[in-house]
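Quick one, fold the following:
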Amino acid sequence: MAGAGKYKIDLLKVKGSDVHNFEINSAFFSAFEESTIKDGNIDIKVTIERTVNAFPTIIEGEGTVKLECDRCLRTIDFPTKSSLELIVKLSEEQKEDEDEIVYVPAGEAVFHMAQHIYDMVYLSLPIRKTCEEANIPEGCDPKVIEKLNSRDDDGNIDPRWEKLKDLLE
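Next up is the predicted model:
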């Protein structure tokens, strides 16, 4: 995850409440080899507060990611907006992270956020990603939709497409 190395905060330097801004793009997403997201432009705002024994953290992101439409396969800029609240705690011993609690070794005291940012963005996307969902005015590629709705020479719809049409409605 080499490209994601700059997304970290030194917890020992946090004084009171700090705000950090990052921008993620194709270099960030390429660090995640199995990612279906290959490109995007998202502004990330991280608000981290120092308390007596923890660092309440809010990660917010807003921007677009480039995805393929599930219907016509056109590359679209899909809007995304998400947030994630975590509690970061320093730990003297190795501990497994919990749902909303992240443990950082006290000797290192650096919160690496790349995986949390990626997960937040990925989970903000709907299961079905179409041109309509992305609010593209012209909608899906008309040539592809025409092909999906095409009939054979006798005017019959290919039975393979008939089953798929049920999924589109």
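
residue ranges with poor pLDDT in this protein?
Residues of the chain that meet the criterion pLDDT under 70 lie in 1-5, 151-158, 161, 169.

which residue is nearest the middle of it?
With distances taken as CA atoms, centre = their mean, Val121 lies nearest the centre of the chain, 2.0 Å away.

my guess is it contacts Thr80, does it?
Yes. With contacts counted by CB atoms under 8 Å, Val121 reaches Thr80, the gap being 6.1 Å. Yep, even glycine has a C-beta here, placed from its N, CA and C like the rest.

Mutual contacts of these two, please.
40, 42, 61, 65 (CB atoms under 8 Å, 6 or more residues apart in numbering).

that older thread, how far does whatever helix or strand the residue nearest to the centre of the chain lives in sit from the chain's center?
Using DSSP states H and E, the element containing Val121 is helix 114-124. Taking the mean C-alpha point of helix 114-124 and that of its whole chain, the gap between them comes to 5 Å (CA atoms, centre = their mean, to the nearest Å).

Give me the residues contacting it.
The set of residues that contact helix 114-124 without belonging to it, under CB under 8 Å, 6+ apart, is 1, 4-5, 7-8, 22, 24, 28-29, 31-32, 35, 37, 40, 42, 44, 59, 61, 65, 80-84, 86, 102.

Pull out the buried members of those.
Among the contacts of helix 114-124, those classed as buried by 16 or more other CB atoms under 10 Å are 4, 7, 22, 24, 28-29, 31-32, 37, 40, 42, 44, 59, 61, 65, 80, 82, 84, 86, 102.

List the ones among the residues you listed that fall in helices.
28-29 (DSSP state H).

I'd assumed Tyr103 was in contact with Met87.
Careful, residue 87 is Ile; it's not Met. No. Ile87 is not in contact with Tyr103 according to CB under 8 Å; the separation is 9.7 Å.

Overlap of the contact sets of the two?
What both Ile87 and Tyr103 touch, as defined by CB under 8 Å, 6+ apart, is an empty set.
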